[in-house]
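*Asks:* based on what follows, work out the 3D shape:
(2 chains)
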Protein chains: 2
Amino acid sequence: MAGKYFEELRVGQRFDTGSRTLTEQDVSKFAELSGDFYPLHMDEAYARTTIFKGRVVHGMLGLSAASGLAVQTGIFDRTLLAFQEMGWRFLRPVRIGDSVTVRMEVADKRETHHADRGVIRFAVRVENQRGEAVQEGDWSVVIAKREGLS
Amino acid sequence: MAGKYFEELRVGQRFDTGSRTLTEQDVSKFAELSGDFYPLHMDEAYARTTIFKGRVVHGMLGLSAASGLAVQTGIFDRTLLAFQEMGWRFLRPVRIGDSVTVRMEVADKRETHHADRGVIRFAVRVENQRGEAVQEGDWSVVIAKREGLS
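*Replies:* Sure, this is the predicted structure:
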């Protein structure tokens, strides 16, 4: 899919991403990369004593995977200029072996003081393989205008 | 540092983390793990044509590193039950080779309908080696009460 310019995105437009399984190896790699070895993610024996009754994928890994799935749709190709802000809620645990997919809807479009770009706010929902929302919120991104290229 | 229970955290209390350099290898590993190979992060020639004039560390990597630095302080050891929500702004680019540190302040404490835990909202600021805020926002986390252990 070619990257979408600001003019091409309409409020209410929806984009669904591919799906991805979050593995034990992903959790190990994320712990190394982030430096977050919290035992809720790393230690099954400890995690069983918690409110989650077992290991949970780092929330930030679920979010990072969601951002990768979003980029992989291609809708941002060369048109995404910057990630500006987000509001985000961790609703349910993501378990090792769960598959996540992302549903994005254009919630708002906003002009800026730059004529060549605008801000798009997406309502974003990350679902597991049972269709349950595990994380959700909104992402505001700066998107190039086609007319700005001239 | 021993993990802080809900009762031990006071509004206005501050915690600073260690510091960490985000390297080219970190960016490569994060791209593999997240699946986000956006050329702003991966392709110096392309990135030079953008508003950032060069490669930028994934915002989500900066955020993930910040969460790891926060966990490494030890204040959450065995007392952090869950990450609930966040508001987050990406203010300035993090460049490859930049070092980031995190300043956290207890902004709010809230009881829940569970007697054994409460919600702490931290105001969080990620700074680079020049003391500039690169990312900031708030993290709301569920923290165990000491009295809840009985």
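*Asks:* could you see whether chain B lies near the longest helix seen in chain A?
*Replies:* Looking across chain A with DSSP state H, the single longest helix is helix A:59-72. Yes. Part of helix A:59-72 sits close enough to chain B to count as contact by CB under 8 Å from any CB of the partner chain, namely A:59-61, A:63-65, A:67-69, A:71-72. C-betas here are computed from N, CA, C, even on glycine.
*Asks:* and which of these is nearest residue A:146?
*Replies:* Nearest to residue A:146 among those: residue A:71, at 19.9 Å, using CB to CB.
*Asks:* just to check, residue A:105 is in contact with residue A:122?
*Replies:* Yes. Residue A:105 lies in contact with residue A:122 (CB atoms under 8 Å); the separation is 6.6 Å.
*Asks:* those two: who's more crowded?
*Replies:* Using other CB atoms under 10 Å in any protein chain shown, the more surrounded residue of residue A:105 and residue A:122 is residue A:122, with 24 against 16.
*Asks:* tell me how far the more buried one lies from residue B:70.
*Replies:* Per CB to CB, to the nearest Å, residue A:122 is found 26 Å from residue B:70.
*Asks:* would you map the strands across chain A?
*Replies:* Here chain A has its strands, by DSSP state E, at A:14-21, A:80-90, A:99-111, A:117-127, A:133-144.
*Asks:* run the angle between the fourth one and helix A:59-72 for me.
*Replies:* Put plainly, it is strand A:117-127. Interaxial angle, strand A:117-127 versus helix A:59-72 (axes from the mean of the first three to the mean of the last three CA atoms, to 10 degrees): 120 degrees.
*Asks:* can you tell me what sits against strand A:117-127?
*Replies:* Here strand A:117-127 makes contact (CB atoms under 8 Å, 6 or more residues apart in numbering or on different chains) with A:6, A:9, A:62-63, A:66, A:70, A:81, A:84, A:100-112, A:133-145, A:148.
*Asks:* do the shortest one as well
*Replies:* Identification of contacts with strand A:14-21 by CB under 8 Å, 6+ apart yields A:65-66, A:68-70, A:72-73, A:75, A:97-106, A:129, B:35.
*Asks:* mind listing what's buried in it?
*Replies:* For strand A:14-21, the neighbour count (16 or more other CB atoms under 10 Å in any protein chain shown) marks A:15, A:17, A:20 as buried.
*Asks:* check the fourth one too.
*Replies:* By neighbour count, and taking 16+ other CB under 10 Å as the criterion, the buried residues in strand A:117-127 are A:117-122, A:124-127.
*Asks:* from the residues you listed, which is closest to chain B?
*Replies:* Distance to chain B, by CB to the nearest CB, is smallest for residue A:117 among the buried residues of strand A:117-127, at 8.3 Å.
*Asks:* pLDDT wise, what is the closest one at?
*Replies:* Note for residue A:117: predicted pLDDT of 97.
*Asks:* and it, what are its bridge partners?
*Replies:* residue A:144 (DSSP bridges).
*Asks:* what stretches of chain A score poorly on pLDDT?
*Replies:* Residue ranges of chain A with pLDDT under 70: A:1, A:148-150.
*Asks:* try it again at 50.
*Replies:* Applying pLDDT under 50 to chain A flags residues A:150.
*Asks:* residue contacts, the closest residue to residue A:48 other than its chain neighbours?
*Replies:* Of all residues not flanking residue A:48 in the chain, residue A:54 sits nearest, at 5.7 Å (CB to CB, 6 or more residues apart in numbering or on different chains). The contact partners of residue A:54, by CB under 8 Å, 6+ apart, come to A:44, A:47-48, A:95.
*Asks:* try 7 Å this time
*Replies:* A:44, A:47-48 (CB atoms under 7 Å, 6 or more residues apart in numbering or on different chains).
*Asks:* from these, list just the buried residues.
*Replies:* For the contacts of residue A:54, a burial check counting by 16+ other CB under 10 Å picks out residue A:47.
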